[in-house]
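Asks: sequence and predicted structure, then a few things I'm wondering about:
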Amino acid sequence: MRVDAILSVALAALGGPRIVGNTPCPTPVEVEAALVGLVAEKGQPERPDVAELRADGDAVVVSLTAASGALVAQKHLDAQLSCAERARTAAVAIAAWRATLVPTAPTLSLGEPPAPLRRPATAATALATAAPLSPHNSPFRVELGASLGAAVDRVAVAPAGRLELALPLRSVPLVPVLAALGEGSRTQGLGPGSVRWRRYGLAAGLGLRHSWRLVWVEGRLSGLLTLLDIAGRSYPSNADGLAIDPGVSLAARLGVGARSFLPWIEATGVFWPRDQTVYVGGTGESARLPPAEVLLSVGVSFTPRH
């Protein structure tokens, strides 16, 4: 007899739920194995409860439906967990949910009404009660990231760097992002001297991510608010200054990994809509700074362990 058949018979004999689904991580067999020992012995019911495993992006949702057909509860299993950890988490949740369905036999007594009976805490109910405090039950994950690359425009190439905080949502493939960014200096000749400029500031955006087992892609639209630092060089009288320079970026990111360490590469197009023109006094010469650029980056993101 196959192992999965043996486990199903064992759970049925204990009055346990029927595990269904076609998820590869964890499989129903792995959840059945983790559930043995957590369910109370109450005999084989006429219609068992049904626990279902279904895929939801890179996560898995486990739900329990009572024999009456009513949905008892459901829970997302974090994609960062291993298959064995997902199986144990699902088993504990199922056992805790079923504990709330166990009927209490009515009794007749005389005199003062007895104190309400309190079901003894089991490992399953204790863990399930503590589960909402776990970061794996929050509606999002926390990803910290850093990247280095090059900013390329029609004038020059400059180094660029970025630090970011991403909060991928568990229920939908959306990724809110906050980032700090900076670009190195670029120089453009103008008249008898040259103009040097660089940018640094903040970005906020929203990404759309699709994941497979080991590869994921993400498109991201962001708004930028930067300071443009401009200075003259080799003029009889050099001047410098700061200007607020907003921008818009559209990025495409390709990454590998499905756990806590996620290396990636990214190509980003940036548009600076504000006209930034510099002038050389007394000569009438002027030049507009490039209104667009391309960022090519290599980076890594990771999920802190709690």
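Replies: Thanks, I have the structure now.
Asks: C-alpha only now, for contacts and for neighbours.
Replies: OK.
Asks: buried ones in the helix ranked longest in the chain?
Replies: As assigned by DSSP state H, the longest helix anywhere in the chain is helix 83-99. By neighbour count on 16 or more other CA atoms under 10 Å, the buried set for helix 83-99 is 83, 85-99.
Asks: check stretch 52-60 too.
Replies: Those would be Glu52, Leu53, Arg54, Ala55, Asp56, Gly57, Asp58, Ala59, Val60, for stretch 52-60 by 16+ other CA under 10 Å.
Asks: nearest to Val248 among those residues?
Replies: Gly57 (28.6 Å; CA to CA).
Asks: next up, the contacts around that closest one.
Replies: Taking CA atoms under 8 Å, 6 or more residues apart in numbering as the criterion, Gly57 is in contact with Val172, Pro173, His210, Ser211.
Asks: where do the helices sit along the stretch 201-306 of the chain?
Replies: Here the stretch 201-306 of the chain has no helices by DSSP state H, counting those that start in this stretch.
Asks: can you list the low-confidence ranges for it?
Replies: 258-259, 306 (pLDDT under 70).
Asks: returning to that earlier point: counting by contacts, list what the longest helix of the chain packs against.
Replies: Using 3 or more CA pairs under 8 Å, 6 or more residues apart in numbering; DSSP states H and E, the elements in contact with helix 83-99 are helix 28-35, strand 59-65, strand 71-77, helix 123-130.
Asks: now that helix, how far from the centre of its chain.
Replies: 22 Å (CA atoms, centre = their mean, to the nearest Å).
Asks: any idea how far Glu266 is from Gly219?
Replies: The gap separating Glu266 from Gly219 is 10 Å, by CA to CA, to the nearest Å.
Asks: which residues do those two both contact?
Replies: The contact sets of Glu266 and Gly219 overlap at Ala251, Ala252, Arg253 (CA under 8 Å, 6+ apart).
Asks: of those, closest to Ala239?
Replies: Among the shared contacts of Glu266 and Gly219, and counting by CA to CA, the member closest to Ala239 is Ala251, at 34.6 Å.
Asks: which residues does that closest one contact?
Replies: So, once contact is read as CA under 8 Å, 6+ apart, Ala251 ends up touching Gly219, Arg220, Leu221, Glu266, Ala267, Thr268, Gly269.
Asks: what sits opposite it in the beta ladder?
Replies: Listed beta-bridge partners, Ala251: Arg220, Thr268 (assigned using DSSP bridges).
Asks: give me the contact list for stretch 166-179.
Replies: Contacts of stretch 166-179 (CA under 8 Å, 6+ apart): 56-57, 59, 76, 78, 139-145, 162-165, 202-210.
Asks: Gln80: how many residues sit nearby?
Replies: 16 (other CA atoms under 10 Å).
Asks: so it touches Ser260, yeah?
Replies: Yes - judged on CA atoms under 8 Å, Gln80 makes contact with Ser260 at a distance of 6.6 Å.
Asks: which residues do the two both contact?
Replies: Contacts common to Gln80 and Ser260, judged by CA under 8 Å, 6+ apart, are absent.
Asks: Asp275: which of the contacts of Ala251 is nearest?
Replies: For the contacts of Ala251, the nearest to Asp275 is Gly269 (17.6 Å; CA to CA).
Asks: the closest residue to the closest one other than its chain neighbours and Cys25, how far apart?
Replies: Here the nearest residue to Gly269 in space, its sequence neighbours aside, is Val294; by CA to CA, 6 or more residues apart in numbering that works out to 4.7 Å. Between Val294 and Cys25 the computed distance is 39 Å (CA to CA).
Asks: do the same with Arg274
Replies: With CA to CA as the criterion, Arg274 and Cys25 are 50 Å apart.
Asks: same check, this time on Glu266
Replies: Applying CA to CA to Glu266 and Cys25 gives a distance of 29 Å.
Asks: just Pro176 next, same as before
Replies: Distance from Pro176 to Cys25, by CA to CA: 27 Å.
Asks: just Ala93 next, same as before
Replies: From Ala93 to Cys25 the distance is 16 Å (CA to CA).
Asks: equivalent analysis for Ala267, please.
Replies: 32 Å.
Asks: those two: which is more packed in?
Replies: Applying other CA under 10 Å to Ala267 and Cys25 shows that Cys25 carries more neighbours, namely 20 against 15.
Asks: how near is Leu250 to Ala93?
Replies: From Leu250 to Ala93 the distance is 41 Å (CA to CA).
Asks: likewise Arg199?
Replies: For Arg199, the distance to Ala93 - CA to CA - is 50 Å.
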